[in-house]
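Q: Quick one, structure for this:
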Amino acid sequence: MNTHCRMALFTPLPPAQTGTADYAAALIPELAKRVDLEVFEKARGRFDPSGFDAVVYQLGNNPWHADIYEMALRHPGIAVLHEPNLHDLIRGMTAAPSEAYFREVAYELFGKEWDSVRNSGYSAPGPQPRTFAMLRRLLDSSRACIVHSVYAAGIVRMKGFRGPIEVIPHGAGTATQNGAGAATPDAAQYRQRLGIGERAPLVGIFGYMRPGKCINECIRGFQRFAARRPDARLLIAGKPHPEVPIESRQSNVIALDHLPAEDLDGYIAAADVVLNLRCPSLGETSGITMRAFALGTAVIMSDTGAAAEYPDDICVRLPCDSQIEYVLGRTIEWIFSEPDIATTIGAAAARWADENCRWSRIAERYADFARTHSSAVPSQKHPADLPAARIREYLGQWVETGTDRARYLEDHEERLVRTLQVIPAGSTEDRILELGCYLQITPALRTLLNYGEVRGAYLGQGGCDMKSIIARNGESFFCAIDLFDCETARFPYPKGHFTTVLCCELLEHLRRDPMRMLNEIHRVLKDDGVLILSTPNAASMRAVSAVLQGNHPGFYNRYPDPNGESAGDSKHEREYTPAEIAKLLTAGGFVVEHIETSPYGNVPLDTEAGRRALAHLKLPAELREDCIISVARKADLPRDPRPSWLYDSGIALDDRQ
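A: Sure thing, here's the model as predicted:
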């Protein structure tokens, strides 16, 4: 036993009916060979973390994790996120009274407690969709984090976590591979239990039948295939969920309840194909998928979230759209059109799982990470991977001293730095669009954030400009900038074209229809794509102080000189509060990840009058910096194209003509 690291592991264990319990049961024997391990199934009120070098918490959305979540808040340690979204867990923990849930939503949005924002004009948020990723309180109390995919790591970073993150693949292996001494599953035996012949097509759906797993869509897709193959059978094996009523089953659908691990492996091995769709995805890595990989069973999954990272030859990925039932039916038909298609895919999956996901390798990475980061301090809020000093140095290379660009950088430096810090990192496959592009931070999107395609847009009457600039260090940057009116024109890009869209310091200039712009941003973003929006804060400390001193609260409160160079400048039409930005993005079909405020530059402002007034009125001083910076994800949610709080009589100018 390795005594160099004493580890406390908090996790559910079988017979708890959660995939995390099965995960832990497979991990623990290997982990115990590498660290001095003590396992806790229940949170202990008198637990003393000082007796351990590392405290590790396995976290998921099943109610079995509620006590473990509370323990992770009391004693910061390493959080293992099996999905980068704990909304279902927290919703269940705060079901009564409802205000407890509102408190968690407010903290997720603003990083502040409910009492500090409830009196600042923020209306009660109400129930949020399952895609609202509630992680912020846990991450603010965690020393380090383990996830199973690069996708999940990106979500954690987008939440502002600055601590160490390790991407450790989900383990894969049968009971025999885990060293438990059980026999390799006999697929023929399990087919006999179901009364299915050796050659009859068998399609399986396994695990907890919770929302988002597209169970009924899978049934209907299977029935399209079964209409051509009457001998085909669909096996649904797993605990039902009260929010997912299964449509009436036909004679070719077999239903089983929760299965013990050995039977689960047996039925997966017996199946020709496993269906494991997620729409919407919560970013989870499926334990069922990993079992199927290890057993050499072909898997059909959604092409979204973490699943998009698997090699192309080890699974079949389908888009999550309105045609899923038809496409799924035809895909199943294709797999069974030749006898070796499913076996070829399954064999490739088994090789990949053996090379990358053996539990011995997973345990070794756990142990190494725990030893390295056992003394890390809890994460601070609103951090970033990119150091501010590095960003400032890089942006400074693109401006000449004494020019208008240099003065703009000085006035907006803090805002520009923070904006770059909250943008998710890209890859050569990712596209990013900057609305209102003036090439101030645009080169950094390629060089610092690694986006493969950087596109710009600016107000104009159509067409495209090619802009180029050269930095003082010799780096050159070229960018295509499309010219159109974002309030009236259809954006010249196809649906789902961009991974990320920036809408920075543009919203406040719109005169006609801001919701039309948000609708177009929603259209051109990929599923789960990210919108970064920044705009002046109408409720800033500067604005409060200005009013108290008899001045205008807005940044732009003067007319341009009719005879001067600024005569055509676009001034601010409407400024927003943080609460309004949350409502605006929600109305546009986005899930708001978080909202913060930031200064624009380094020039100190006289805000003492505002601070005294807020203190006298017992109003919060939080979220009072000059610039609102928000991060939101595209979701398939109901949209309100004409919010009554924003539009006069509920109609836009275009509708009056």
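Q: which SSE is the residue nearest in space to the middle of the chain in?
A: In the chain, the C-alpha nearest the mean C-alpha coordinate belongs to residue 155, at 4.1 Å (C-alpha atoms, centre = their mean). Per DSSP states H and E, residue 155 falls inside helix 150-158.
Q: what mean pLDDT does that helix have?
A: Helix 150-158 comes out with an average pLDDT of 86.
Q: packing partners for that helix?
A: When contacts are defined as 3 or more C-beta pairs under 8 Å, 6 or more residues apart in numbering; DSSP states H and E, helix 150-158 packs onto strand 144-147, strand 165-167. Where you see a C-beta, it was placed from the backbone N, CA and C, and this is true even at glycine.
Q: List of residues touching that helix?
A: Outside helix 150-158, the residues within contact range by C-beta atoms under 8 Å, 6 or more residues apart in numbering are 81, 83-85, 133, 135, 139, 145, 147, 165, 167, 283, 285, 305-306, 308-309, 384-385, 422, 424-425, 530, 593, 631.
Q: Let's see which of the residues you listed end up in strands.
A: 81, 145, 147, 165, 167, 530, 593, 631 (DSSP state E).
Q: Give me the buried subset of the contacts of helix 150-158.
A: Neighbour counting by 16 or more other C-beta atoms under 10 Å classes 81, 83-85, 133, 135, 139, 145, 147, 165, 283, 285, 305-306, 308, 384, 422, 424-425, 530, 593, 631 among the contacts of helix 150-158 as buried.
Q: re the thing from before, quick one, which of the ones in strands among the contacts of helix 150-158 has the minimum pLDDT?
A: Among those, residue 593 carries the lowest pLDDT, at 82.
Q: sorry, back to before: could I have the CA atoms of the helix holding residue 155 written out in CSV?
A: Taking Å, rounded to 0.1, in the frame of the first residue of the first chain, the C-alpha atoms of helix 150-158 are listed here in CSV:
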residue,chain,number,x,y,z
VAL,A,150,-12.3,18.4,-22.6
TYR,A,151,-15.9,19.6,-23.1
ALA,A,152,-16.6,19.3,-19.3
ALA,A,153,-13.3,21.1,-18.5
GLY,A,154,-14.4,24.0,-20.7
ILE,A,155,-17.7,24.3,-18.9
VAL,A,156,-15.9,24.4,-15.5
ARG,A,157,-13.5,27.1,-16.8
MET,A,158,-16.4,29.1,-18.2
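Q: And the helices in the stretch 101-250 of the chain?
A: Using DSSP state H, counting those that start in this stretch, the helices of the stretch 101-250 of the chain run over 114-117, 136-140, 150-158, 187-194, 215-226.
Q: Then the stretch 251-400 of the chain?
A: 261-270, 287-295, 324-335, 341-356, 359-373, 388-396.
Q: just to revisit the earlier point, and residue 25, which of the helices of the stretch 101-250 of the chain is closest to it?
A: Closest of the helices of the stretch 101-250 of the chain to residue 25 is helix 187-194, at 20.8 Å (criterion: C-beta to C-beta).
Q: What average pLDDT does the closest one get?
A: Rounded mean pLDDT across helix 187-194 is 94.
Q: now for that helix, which elements pack on it?
A: Contacts defined by 3+ C-beta pairs under 8 Å, 6+ apart place helix 187-194 against helix 261-270.
Q: low pLDDT regions in the chain?
A: Where the chain drops to pLDDT under 70, the residues are 1-3, 44-45, 96-97, 116-126, 174-183, 248, 374-385, 556-570, 605, 649-657.
Q: got the domain boundaries for it?
A: 6-173+362-373, 187-356, 388-637 (automatic domain parsing).
Q: Turn those into a markdown table, columns for distance to residue 645.
A: Output for the domains of the chain, formatted as a markdown table (distance: least, C-beta to C-beta, whole Å):
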| stretch | distance to residue 645 |
| --- | --- |
| domain 6-173+362-373 | 9 |
| domain 187-356 | 27 |
| domain 388-637 | 7 |
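Q: My guess is residue 514 contacts residue 487. True?
A: Yes. The criterion here is C-beta atoms under 8 Å, and residue 514 meets it with residue 487 at 7.3 Å.
Q: before we move on, the earlier item: which one of the helices of the stretch 101-250 of the chain lies closest to residue 256?
A: The minimum distance between residue 256 and these falls on helix 187-194, with 8.9 Å, by C-beta to C-beta.
Q: could you check the angle helix 261-270 makes with that closest one?
A: With axes from the mean of the first three to the mean of the last three C-alpha atoms, to 10 degrees applied, the angle from helix 187-194 to helix 261-270 works out at 100 degrees.
Q: picking up where we left off before, tell me which of the helices of the stretch 101-250 of the chain sits nearest to residue 456.
A: For those, the distance to residue 456 is smallest for helix 150-158, at 22.6 Å, taking C-beta to C-beta.
Q: distance between the closest one and the chain's centre?
A: 7 Å (C-alpha atoms, centre = their mean, to the nearest Å).
Q: same check, this time on stretch 441-457
A: Remark: stretch 441-457 is offset 21 Å from the chain centroid, using C-alpha atoms, centre = their mean.
Q: thinking again about what came up before, quick check on residue 514 and residue 487: which one has the bigger neighbour count.
A: Set side by side, residue 514 and residue 487 show more neighbours around residue 514, with 26 against 19, by other C-beta atoms under 10 Å.
Q: Next one: residue 292 from residue 598, what distance?
A: 46 Å (C-beta to C-beta, to the nearest Å).
Q: Name the residue in the two with the higher neighbour count.
A: residue 292 (29 against 20).
Q: Wait, the more buried one touches residue 268, no?
A: Yes. Between residue 292 and residue 268 there is a contact under C-beta under 8 Å: 5.4 Å.
Q: Show me the common contact partners of those two, please.
A: Here residue 292 and residue 268 share the contacting residues residue 274, scored by C-beta under 8 Å, 6+ apart.
Q: what's the span of stretch 226-241 from first residue to last?
A: Using C-alpha to C-alpha, to the nearest Å, the end-to-end distance of stretch 226-241 comes to 25 Å.
Q: Tell me, how many residues neighbour the closest residue to residue 253 other than its chain neighbours?
A: Excluding the flanking residues, the one nearest residue 253 by C-beta to C-beta, 6 or more residues apart in numbering is residue 234, at 4.7 Å. When counting by other C-beta under 10 Å, one arrives at 25 neighbours for residue 234.
Q: re the thing from before, what's the closest of the helices of the stretch 251-400 of the chain to residue 33?
A: Closest to residue 33 of these, according to C-beta to C-beta: helix 359-373, at 7.2 Å.
Q: And the ones in strands among the contacts of helix 150-158, which two are furthest apart?
A: 167 and 631, at 20.9 Å, using C-beta to C-beta across the ones in strands among the contacts of helix 150-158.
Q: Which neighbouring elements make contact with the helix or strand hosting residue 532?
A: Here residue 532, judged by DSSP H and E, is contained in strand 525-536. Here strand 525-536 touches helix 404-422, strand 498-504, helix 578-587, strand 627-634, going by 3+ C-beta pairs under 8 Å, 6+ apart.
Q: On the C-terminal side of it, identify the next helix or strand.
A: Under the assignment DSSP H and E, the closest C-terminal helix or strand after strand 525-536 is helix 541-548.
Q: ok, and what's touching that following helix?
A: 537, 552-554, 605-611, 613-614, 621, 624-626.
Q: one more time with 10 Å
A: 536-537, 540, 551-555, 557, 575, 577, 597, 599-600, 605-614, 619, 621, 623-626 (C-beta atoms under 10 Å, 6 or more residues apart in numbering).
Q: try stretch 338-346
A: Outside stretch 338-346, the residues touching it (C-beta under 10 Å, 6+ apart) are 199, 201, 269, 271-274, 292-293, 295-300, 313-316, 332, 334-336, 347.
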